[in-house]
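K.L.:
Mind looking at a prediction? Sequence and model below.
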Amino acid sequence: MNRGIGAHIPRLEDFRLLTGKGQYAADMNAQGQLYAYALCCFHAHARLKSIDIAAAKKAPGVVLVLTGADYAADGLKGIPHGAMTVKPEDHTVPCFTQADGSPAFSAPNIPIVKDKVHHIGEIVAWVVAETLQQARDASELIDADYDVLPAVTQGSKALESGAPSVWDEQPGNIAFDGKHGDHANA
């Protein structure tokens, strides 16, 4: 039996899940449980000009509505991430640098957008309520105003001269450009 890299790993959970005997997070309920619903942006690239959550906060069953401004006001920073990154110091590993030795760009991974949307589906608000339906209903009362920006939908087009930059901090849309391995002896 092949047990190395590339070996087939049998999935043990499939039969249970496909026959209705599995349990999902949505199947669990606790007394006093609350539900959250994320309001996501439907633009690929935009500036969030304003967000009005007043009506959502007054909706039935709503406990809390959070925005990117709340996240920033709490002093929270981005969540570290990257290819096979376990801890922030992993970003200093040579394979996560540019070919010229400068650090690779790492997007700040903020879970709630405060000012600029970088892709469809980014979260602009979280609504927490007594039921999931109440949270969904309240999210529909949020008035988010966007300044839609030019976007590209193909990776090759994002590299063309004059293409809109996804991240203002990283013109040219290249996170890192480097080499792996021992190229001299390849």
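P.N.:
Great, that's in hand. Residues are numbered from 1 along each chain as shown.
K.L.:
Okay, strands next: where are they in the chain?
P.N.:
Under the criterion DSSP state E, the chain contains strands at 35-40, 46-52, 62-67, 116-117, 123-129, 143-148.
K.L.:
now the ones you listed as TSV including distance to Lys77, mean pLDDT and mean neighbour count?
P.N.:
Where C-beta positions appear, they are placed from N, C-alpha and C, glycine not excepted. Listed next are the strands of the chain as TSV, based on distance: least, Cβ to Cβ, whole Å; pLDDT from 0 to 100; neighbours: other Cβ atoms under 10 Å:
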stretch	distance to Lys77	mean pLDDT	mean neighbour count
strand 35-40	20	97	17
strand 46-52	19	97	16
strand 62-67	16	98	19
strand 116-117	16	94	22
strand 123-129	16	98	22
strand 143-148	23	97	14
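K.L.:
Now tabulate those in CSV and tack on distance to Leu159.
P.N.:
Formatted as CSV, the strands of the chain follow (distance: least, Cβ to Cβ, whole Å):
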stretch, distance to Leu159
strand 35-40, 27
strand 46-52, 22
strand 62-67, 33
strand 116-117, 20
strand 123-129, 27
strand 143-148, 22
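K.L.:
The ones you listed: which one's closest to Leu17?
P.N.:
Evaluated over these, closeness to Leu17 peaks at strand 35-40, with 22.8 Å, by Cβ to Cβ.
K.L.:
outside of that closest one, which residues touch it?
P.N.:
When contacts are defined by Cβ atoms under 8 Å, 6 or more residues apart in numbering, strand 35-40 is touched by residues 120-132, 134-136, 138-139, 142, 144.
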